[in-house]
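> quick one, structure for this:
(2 chains)
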There are 2 protein chains.
Amino acid sequence: MQDVSSLVEQAREGRPRAVARLISLVEGASPQLREVMAALAPFTGRAYVVGITGSPGVGKSTSTSALVSAYRRTGKRVGVLAVDPSSPFSGGALLGDRVRMAEHASDPGVYIRSMATRGHLGGLAWAAPQAIRVLDAAGCDVVLVETVGVGQSEVDIASQADTSVVLLAPGMGDGIQAAKAGILEIGDVYVVNKADRDGADATARELNHMLGLGEAREPGDWRPPIVKTVAARGEGVDEVVAALEKHRAWMDEHGVLADRRVARAAHEIETIAVTALRARMLDVRGDHRVAALAARVVEGELSPYQAADDVLSRL
Amino acid sequence: MQDVSSLVEQAREGRPRAVARLISLVEGASPQLREVMAALAPFTGRAYVVGITGSPGVGKSTSTSALVSAYRRTGKRVGVLAVDPSSPFSGGALLGDRVRMAEHASDPGVYIRSMATRGHLGGLAWAAPQAIRVLDAAGCDVVLVETVGVGQSEVDIASQADTSVVLLAPGMGDGIQAAKAGILEIGDVYVVNKADRDGADATARELNHMLGLGEAREPGDWRPPIVKTVAARGEGVDEVVAALEKHRAWMDEHGVLADRRVARAAHEIETIAVTALRARMLDVRGDHRVAALAARVVEGELSPYQAADDVLSRL
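The predicted model follows:
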């Protein structure tokens, strides 16, 4: 095991292997993380964190890759974290992501990392912010966090970004389905990808309607823009970057960025604390006490609340 | 507020209003739940709990409705819980579900309930099992738990079912997307719905391949069946019920059902305990201590671990 302080030093110099090693420590929930995060703390808070979410099939990986290219053209250093909250069992990321990102593999100004949590107790809510800290301290100007699928985990991760981009594509389901997906509450910027396909205008119109963008807002309120792209050909991607920068400027102006970051840190602190408490609870489970209580709940002898009281009394 | 014991008594007699009232107590995280769950405990553990999941657009509501009809033809009492983990903000369920279930609205042998958690601390992992307990104690032979979207929440909820059904439909994305969705690890029964559409055979074949169903298994292992349906016309739905009953019989034979239920109760106990601990932590947050710590984390003065230590020391 390499010395933590030299690893942190190398990561700060932007050495890819040190960055990769630190993120592996996050994935593996290493006990050394406590020391790593203390060493990184003074060098964090500089990166602009952009969350990218949307249903499978809308072209998230392609769009992320196109955004990387666009930011690279402006000379920014870019980190990409592709997280997969829906596959806690298999662990590791699928080849597909890496293939689609291959064009950036040899660019020293880009870090790309796929991450799964391999069933770690705290899940991605625990791991993603720490991986973002690593990329931030490594000098990334922008960190793109791409999440797979739509669900509570994505909403949680969106709440950890400075700006959330929600991707849609024509023909991915009707309005009710979109609303079900809960995406209408989390986007700061909406992108209708595959805009060369039939139905793109209708999707944008429907989205506009569902977002209530026609309604009057308070002066100074953020009005989420809807940008049409064909990410596979790079079309509209500079407009997405412009929308992101505009949102960032709006947040700065209204103090929203600072508020979001404090809320994000509060969530991160809480998640680390809860995970530590759950680990203590698993110690209780380890000696079969919870299993015995669970069997009594199944038999109807105890309610789950009575069993939980017993567990808590032993912490 | 109605007396809890009379409410529980009426729910056990199958009175819909009492059942609805108890599930509302779950949704609202009522302090009375402790008493309700203690009163219900002796009458639980009888229902067969089937989880139904899949991406938006595969026809989950239609399939659930068709399964209700199929079970009703065999005289079973059926409970339906449509949960929406992806929309923590807006709360409540969308009209769409109710509309699609309307054919069962007047059947006294069917309870249908859409549920959101309205931002409750423990989320659906906390609420769903308790709502299932209510339906179970109310005499439902089968409880169908339909979840929206695909993600960690769905995986969690699938782990709370006796049998998990994963729905797919032709043309909903390629194999990599299906694998990303993490569905290949959670299904006990797979259903390819909209099987009258082009590509249904290809979807079933690809699924068969990805599940490794061609590979040798240990004798006695469960081999997840793939059933093709056109739920909107009721086609193949009896075959789904047959596959469910076969899985249930297999679980009984191999002691898997008892193991799953104990694991489920252990998870439920842990969730209630963790939720109680998080509530205590929010009390700490309430006096702005966590916000102050979070601001120091944002400034890089503290690592999130150091801040979490401070929170834990005050619990």
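
> so who does residue A:256 touch?
A:222, A:250 (Cβ atoms under 8 Å, 6 or more residues apart in numbering or on different chains). The C-beta positions use only the backbone N, C-alpha and C, and glycine is treated the same way.

> and the helices in chain A, which stretches?
Ranges of helices in chain A, per DSSP state H, are A:4-12, A:16-27, A:33-40, A:60-73, A:95-100, A:123-137, A:152-158, A:175-180, A:200-210, A:237-254, A:256-286, A:289-298, A:304-313.

> so for residue B:220, which of the ones you listed sits nearest?
Among those, helix A:289-298 comes nearest to residue B:220, with 23.3 Å by Cβ to Cβ.

> please convert the helices of chain A to a markdown table, extending it with mean pLDDT and distance to residue B:109.
Shown next, in a markdown table, are the helices of chain A (pLDDT from 0 to 100; distance: least, Cβ to Cβ, whole Å):
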| stretch | mean pLDDT | distance to residue B:109 |
| --- | --- | --- |
| helix A:4-12 | 93 | 62 |
| helix A:16-27 | 90 | 49 |
| helix A:33-40 | 93 | 54 |
| helix A:60-73 | 93 | 43 |
| helix A:95-100 | 48 | 46 |
| helix A:123-137 | 88 | 39 |
| helix A:152-158 | 58 | 32 |
| helix A:175-180 | 48 | 27 |
| helix A:200-210 | 87 | 36 |
| helix A:237-254 | 97 | 52 |
| helix A:256-286 | 84 | 39 |
| helix A:289-298 | 90 | 26 |
| helix A:304-313 | 90 | 27 |
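
> residue B:77 is nearest to which of those?
helix A:289-298 (21.0 Å).

> with just CA atoms, put that closest one into PDB.
C-alpha atoms of helix A:289-298 as PDB (Å, rounded to 0.1, in the frame of the first residue of the first chain):
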ATOM      1  CA  ARG A 289     -29.400 -11.200  16.900                       C
ATOM      2  CA  VAL A 290     -31.200  -9.400  14.100                       C
ATOM      3  CA  ALA A 291     -31.800 -12.700  12.200                       C
ATOM      4  CA  ALA A 292     -33.400 -14.100  15.400                       C
ATOM      5  CA  LEU A 293     -35.600 -10.900  15.700                       C
ATOM      6  CA  ALA A 294     -36.500 -11.100  12.000                       C
ATOM      7  CA  ALA A 295     -37.600 -14.700  12.400                       C
ATOM      8  CA  ARG A 296     -39.900 -13.600  15.300                       C
ATOM      9  CA  VAL A 297     -41.300 -10.800  13.100                       C
ATOM     10  CA  VAL A 298     -42.000 -13.300  10.300                       C
END
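
> now that helix and helix A:256-286, what's the angle there?
90 degrees (axes from the mean of the first three to the mean of the last three Cα atoms, to 10 degrees).

> buried sites along helix A:289-298?
Buried positions in helix A:289-298, judged by neighbour count with 16 or more other Cβ atoms under 10 Å in any protein chain shown: A:290, A:291, A:293, A:294, A:295, A:296, A:297, A:298.

> hmm, that helix touching chain B?
Yes: with Cβ under 8 Å from any Cβ of the partner chain as the criterion, chain B is reached by helix A:289-298 at A:290, A:291, A:293, A:294, A:295, A:297, A:298.

> now, which of the residues you listed sits nearest residue B:274?
Nearest member of those to residue B:274, counting by Cβ to Cβ, is residue A:290, at 12.2 Å.

> what's the closest non-adjacent residue to that closest one?
Residue nearest to residue A:290 in three dimensions, not counting chain neighbours: residue B:266, with 5.1 Å by Cβ to Cβ, 6 or more residues apart in numbering or on different chains.

> look up how far chain B lies from residue A:197.
14 Å (Cβ to the nearest Cβ, to the nearest Å).

> thought that residue was touching residue A:203?
No: counting by Cβ atoms under 8 Å, residue A:203 is not a contact partner of residue A:197; they are 9.2 Å apart.

> which residues touch the closest residue to residue A:310 other than its chain neighbours?
In this structure, residue A:310 finds its nearest non-sequential neighbour in residue A:293, 5.9 Å apart by Cβ to Cβ, 6+ apart. Residue A:293 sits next to A:302, A:307, A:310, A:311, B:265, B:266, B:269 when contact means Cβ under 8 Å, 6+ apart.

> any idea how many residues pack against the closest residue to the last one other than its chain neighbours?
Once flanking residues are discounted, residue B:269 sits nearest to residue A:307: 4.4 Å by Cβ to Cβ, 6+ apart. Using other Cβ atoms under 10 Å in any protein chain shown, residue A:307 has 26 neighbouring residues.

> in this structure residue A:307 contacts residue B:271, no?
No: judged on Cβ under 8 Å, residue A:307 makes no contact with residue B:271 at a distance of 11.2 Å.

> outline the domain layout of chain A.
A:45-253, A:270-313 (automatic domain parsing).

> same list (the contacts of residue A:293) but as TSV, adding distance to residue A:159.
Output for the contacts of residue A:293, formatted as TSV (distance: Cβ to Cβ, whole Å):
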residue	distance to residue A:159
A:302	36
A:307	31
A:310	33
A:311	29
B:265	31
B:266	29
B:269	28
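
> of those residues, which is the most crowded?
residue B:269 (29 neighbours).

> against residue B:258, how distant is that residue?
17 Å (Cβ to Cβ, to the nearest Å).

> the residue nearest to residue A:315 when sequence neighbours are not counted: how many residues sit nearby?
In this structure, residue A:315 finds its nearest non-sequential neighbour in residue A:280, 5.6 Å apart by Cβ to Cβ, 6+ apart. Using other Cβ under 10 Å, residue A:280 has 12 other residues around it.

> ditto for residue A:21
17.

> that one reaches residue A:4, doesn't it?
No: counting by Cβ under 8 Å, residue A:21 stays clear of residue A:4, with 10.3 Å between them.

> name all residues that make contact with residue A:48.
Residue A:48 neighbours (Cβ under 8 Å, 6+ apart): A:141, A:142, A:143, A:162, A:163, A:244, A:248.

> buried among those residues? Need that as a selection in PyMOL.
Those of the contacts of residue A:48 that count as buried under 16+ other Cβ under 10 Å are selected in PyMOL with:
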select buried, chain A and resi 141+142+143+162+163+244+248
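
> out of the contacts of residue A:48, which is nearest to chain B?
residue A:162 (11.7 Å; Cβ to the nearest Cβ).
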